[in-house]
Each structure stands twice: as C-alpha cells, then as structure tokens.
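Peer 1: got a sequence here, can you model it:
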Amino acid sequence: MVRFYMEKGTHKGLYRSIQKTLKFFQTFALLEIVHCLIGIVPTSVLVAGVQVSSRIFMVWLVTHSIKPIQNEESVVLFLVAWTVTEITRYSFYTFSLLDHLPYFIKWARYNFFIILYPVGVAGELLTIYAALPYVKKTGMFSIRLPNKYNVSFDYYYFLLITMASYIPLFPQLYFHMLRQRRKVLHGEVIVEKDD
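Peer 2: Here you go, the predicted model:
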C-alpha cells in the first residue's frame, strides 16, 4: 500500500492493485476460526468468528462486488487499520511461539487496537454507506417476488441491518480487547460473568 501511494501519489487504484493478496489472506483467515475450535489458540470462537466473517463480508460482498466504491477513501481507512493490526498480531503470535516476545510487540498488540479498531470500523461502515446508492439502484444480490421459491431478499436492507449490527457488536468486541489488555499488560484478573 505504501509503495503504491509513493509511486502513484493517490489512493485511487490501490484496491485493484492489492485485491488478490487481500482476498487470499482474508479468506484464508477462516482457519483462525478452526484454530479456535480445535484449541490451537485460546481465543473465543465467537470473537474470532465475528471478526473473520465481517472481514470476509467486507472483502467479497462489498468491496469486490461493488466496483464503484473501490476508490473510496473509506476503503483505505479499513485497509490501513487491518494491515497494521495484522502485522502487529502476527508478530505477537510469531514471537510468542518462539518464546522470545519483545515487550514492544506485546505493548503494540494491546495498545494499537485502541485507535485501529475504531478506525477500521469507521472505514467499514463508511464503505457500506457509500455502497448503498449503487445497491439500491441496481438491486444487486436481491431476489424479488414473485419467483418459483416464493422468497424475497433485499441486499440494500441487509446492508442497513449489517450497519446497525455494529452498534451492539463493536462495543462488545472492543471492551473484550480492553479487558484482555488489562489482563496481559497489567496482570489484572478479570472475572467474566456468565450470560
């Protein structure tokens, strides 16, 4: 991304230049859910599932599918947030596996998200918002009645519902990370309430 911007001086065309790599790695992240399920990593399956599925949704069903939004500034927001987050997170995992975790990497893992998470969410929401007029105009991914299955689906309203779902989900995931931060960086014992 940095090389593209340095060479071109603009973000326009960035998505097109990195889309194959982005699609591959974000889709490959489905393995993170499997790793949680079989216990390779101690992360909650629900937390990993929400994060991975929202990224796959953003990559395939929004940014890939709706070409007119690929040059939106909001796409750059979530791409930068995701990239810095993944570099930090996988550096943390790698050094942890090597049993040689530098404090800076640990600190970065549990502090960078404080800014990156809201920036990424803002980028995702603004990108979905930018897609709404195109989706409404074209009726893409929508199924209208009558049809032989007697089923209807409106992708426009699905996107609105998806945006609204960020209201309850974002705070839960964000506060989960804040609790993890207190536990890891400050040694606090966090007692989670059963739901």
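Peer 1: can you tell me the helix or strand for the spatially most central residue of the chain?
Peer 2: For the chain, the residue nearest the mean C-alpha position is residue 55 (3.8 Å; Cα atoms, centre = their mean). Per DSSP states H and E, residue 55 falls inside helix 45-56.
Peer 1: residues in contact with that helix?
Peer 2: Contacts to helix 45-56, defined as Cβ atoms under 8 Å, 6 or more residues apart in numbering, come from residues 26-27, 29-30, 32-33, 35-37, 41, 82, 124, 169, 173, 176. Heads up, the C-betas are built off the backbone N, CA and C, glycines and all.
Peer 1: what of stretch 85-101?
Peer 2: Defining contact as Cβ under 8 Å, 6+ apart, one finds that stretch 85-101 is touched by 25, 102, 105-106, 108-109, 112-113, 116-117, 120.
Peer 1: likewise for stretch 166-182?
Peer 2: The set of residues external to stretch 166-182 that reach it, using Cβ under 8 Å, 6+ apart, is 44, 47, 50-51, 110-111, 113, 117-118, 121, 124-125, 188, 190, 192.
Peer 1: highest neighbour count among those residues?
Peer 2: residue 124 (26 neighbours; other Cβ atoms under 10 Å).
Peer 1: look up how far residue 187 lies from the nearest residue to it once chain neighbours are set aside.
Peer 2: Excluding the flanking residues, the one nearest residue 124 by Cβ to Cβ, 6 or more residues apart in numbering is residue 78, at 5.1 Å. Residue 78 sits 33 Å away from residue 187 when distances are taken as Cβ to Cβ, to the nearest Å.
Peer 1: tell me which element the residue lying closest to residue 159 once chain neighbours are set aside falls in.
Peer 2: Spatially, and ignoring its direct neighbours in sequence, residue 159 is nearest to residue 128 (5.4 Å; Cβ to Cβ, 6+ apart). Taking DSSP H and E as the definition, residue 128 sits inside helix 113-138.
Peer 1: can you give me the helices in this protein?
Peer 2: 2-8, 14-28, 30-38, 45-56, 73-97, 103-109, 113-138, 155-186 (DSSP state H).
Peer 1: low-confidence regions, this protein specifically.
Peer 2: 188-195 (pLDDT under 70).
Peer 1: list the buried residues for stretch 131-148?
Peer 2: For stretch 131-148, burial by neighbour count (16 or more other Cβ atoms under 10 Å) applies to 131-132, 135.
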